[in-house]
Each structure stands twice: as C-alpha cells, then as structure tokens.
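Participant: Predicted coordinates and the sequence they were generated for:
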Amino acid sequence: VAPAAKEALKSSLSSSGFAYLALPSSLRALSANVLREGRIFLGEADNEVKSRVETIDSSQKRGFYRFSGTRDTGVQCFNIGREENHPEKFRKAYFESIDSPTELWIEASSRRNKWPKEYPKLRPACLDYFNFAHQAAMSVLSSIDMASTLAHGNADSELEVKLYPGVSTASEERFRDHVDLTSVSLLIQDKIAGLELFFEDSNQWVKATNCDEKILCIVGSFGQMMSIGQFRAGVHRVASAPNEGTRTSAVFFCTPDWHYQLPDGSQVGDHMPLQF
C-alpha cells in the first residue's frame, strides 16, 4: 500500500471509523460469487433444507439462522467460521486461563461449519471469500500499524451472508445502531439500501454507498481498544428501505484471538457473548 494511501486510510478510520476500499477487478468475481450463492441459498432453499444446517438458541452461530435481533422476522443469515475440524482449539487457551470448566464451553466452541449438500456451490464461494477477506483485513491492520499477526494468529473470524427482504412501507429500524465486536469488519453488498453510517462530526446518518467495486471497512470495538482510541469504532445501523427490493450483504467479522490481551489488561474473550 502506497504511503499516501496509508495516510488516507488512517485519516478516514480515525475520524469516522469507516473507509471505502477499492476492490481490484481481478477479485470482483469472488465478491459477486459469495453474494450470488448466498442469495440463492437463502432465497430459494426450502425450510427442510435450511433446518438441516440451522443453529438455534446459541450465540455461537454456524450455518443458517433467522436474525432475531431485528424487529421484523424476514432477515435470514448464513454464518461460517474458519474451516477447521477442531475449532475449539482456537479458544481453549482463553477458557483455560479463566478456569472455565470444559463442559461449559466445549460444545459451542466445537461447532464446525455446516454446508447444505443441495447447494454445492455455496461452500467454495464462502471459503474463497473468507480467505480473501482475512488477507484483506490483515493488510488493513498492517497499513494502520495495528497488531495483526500477533492478535489474529488463529484467524478465528466469521463470515456472514444476510438476505434482507424488501419492504413496501417505512417502519422502524431493522437493526439498531451498534458497533461490531471486531478489529475491523469488511462489508460488501449487492444493493445500496438500508445500511446507514453515523458520522459524529456532522451528527448525521449517511447511507452506505459501497456496491460492486468497493468494500466498506468498519472499525470495531476491539480496533478502537487496540489502537487506544486512535481509531474510532464505526457506529452503523440497518434502516428499512421501502421499495428498494431485496438486499444481500456479506460481512467478514475480523476478530482477535480470544486469549489476546488488550491494552486495558483484559482478554478479548472477556468481552464476547457467552458461548453456551
């Protein structure tokens, strides 16, 4: 990354918590593919197929789930983590450090990715984009001089594809304002509709404009903590977008290793939802 580009990235992330990253033409097929295959599965698979890869009643999602954080029930999600036969090893060091009994965390932390056999193109599309997004996130963190390899050695991150069905009338927010529990989040979408970013300096909500050729980079709460406030966690929300049609997004949640010690002395896992 050129020095001028690094300084522009730092400036944008420190002032607002957001930055748009150009997606090279050689990699646009990856983003288009994960959005397309996610949209096909979430929009076309019947309930029986979805139920076979569904996670219910757990903060550790893998596979299909219905997004209960929204006020309407139409938002559907497909979630994966790093493809690994024994993913519990990524969080073992953290739970052992706090003397948590194995039976309290092992089941949720052991959950592997779930793939619907009826949609064979979904797996390679998600995994290819996961690997690309991880490298892109590491490049961003390196460019802004934040710990990357040390804090993210396990690549214990998540990719989530969401399908937001269209609405005909204005209603309340679909997902209230929040910051992500990440170092950075990388978001792509197939339509400009619903996602809004808060710019504190102007006290305004602004519609996210990334589509096709751009990735939206959002600083998360861990990014703000790890930079000791140099970079601001980006506040965002999902509003209803009447008559805009269905929107599909794919978000890569880049998360530090759970046992990584933050500047305040706490570990990343101390701030995560219970995985029971």
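Facilitator: Thanks, I have the structure now. Residues are numbered from 1 along each chain as shown.
Participant: Of all the residues in stretch 257-271, which ones are buried?
Facilitator: Buried residues in stretch 257-271, counted by 16 or more other C-beta atoms under 10 Å: 257-260, 262, 267-269. Every C-beta, even on glycine, is put in place using the N, C-alpha and C of the backbone.
Participant: per-residue confidence averaged over that stretch?
Facilitator: Average pLDDT, stretch 257-271: 95.
Participant: Help me confirm that Gln261 comes into contact with Gln267.
Facilitator: Yes: under the criterion of C-beta atoms under 8 Å, Gln261 makes contact with Gln267 at 5.8 Å.
Participant: which outside residues touch stretch 3-22?
Facilitator: Contact partners of stretch 3-22, identified using C-beta atoms under 8 Å, 6 or more residues apart in numbering, comprise 1, 136, 140, 143-144, 179, 186, 197, 199-201, 209-210, 213-219, 223-224, 230-235.
Participant: hmm, which of those are the buried ones?
Facilitator: 136, 140, 143-144, 179, 186, 197, 210, 214-219, 223-224, 231-235.
Participant: In CSV, list the buried residues of stretch 257-271 along with distance to Lys191.
Facilitator: Below are the buried residues of stretch 257-271 laid out as CSV (distance: C-beta to C-beta, whole Å):
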residue, distance to Lys191
Asp257, 34
Trp258, 34
His259, 39
Tyr260, 36
Leu262, 36
Gln267, 38
Val268, 33
Gly269, 35
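Participant: Helices of the chain, start to end?
Facilitator: According to DSSP state H, the chain carries its helices in the segments 3-15, 28-44, 47-51, 89-97, 102-109, 122-143, 221-226.
Participant: Compare these and give me the one nearest Arg62.
Facilitator: Evaluated over those, closeness to Arg62 peaks at helix 102-109, with 9.4 Å, by C-beta to C-beta.
Participant: helices or strands up against the closest one?
Facilitator: helix 89-97 (3 or more C-beta pairs under 8 Å, 6 or more residues apart in numbering; DSSP states H and E).
Participant: now the helix it packs on, how far from the centre of its chain.
Facilitator: The chain centre lies 22 Å from the centre of helix 89-97; the measure is C-alpha atoms, centre = their mean, to the nearest Å.
Participant: Make residue 1 into 24 and carry on from there
Facilitator: Sounds good: first residue 24 from here, last item helix 112-120.
Participant: Report the angle between it and helix 125-132.
Facilitator: Our comparison of helix 112-120 with helix 125-132, counting by axes from the mean of the first three to the mean of the last three C-alpha atoms, to 10 degrees, yields an angle of 160 degrees.
Participant: Just the buried residues of helix 112-120, please?
Facilitator: For helix 112-120, burial by neighbour count (16+ other C-beta under 10 Å) applies to 113-115, 117-118.
Participant: Between those, which sits nearest Tyr152?
Facilitator: Phe113 (19.9 Å).
Participant: Help me confirm that the closest one comes into contact with Asp179.
Facilitator: Yes: counting by C-beta under 8 Å, Asp179 is a contact partner of Phe113 at 4.2 Å.
Participant: tell me, what's touching the two both at once?
Facilitator: Any residue near both Phe113 and Asp179 by C-beta under 8 Å, 6+ apart counts here, and that gives 105, 280-281.
Participant: Need the winner for burial among the helices of the chain.
Facilitator: Highest mean neighbour count among the helices of the chain (mean count of other C-beta atoms under 10 Å): helix 244-249, with a mean of 22.
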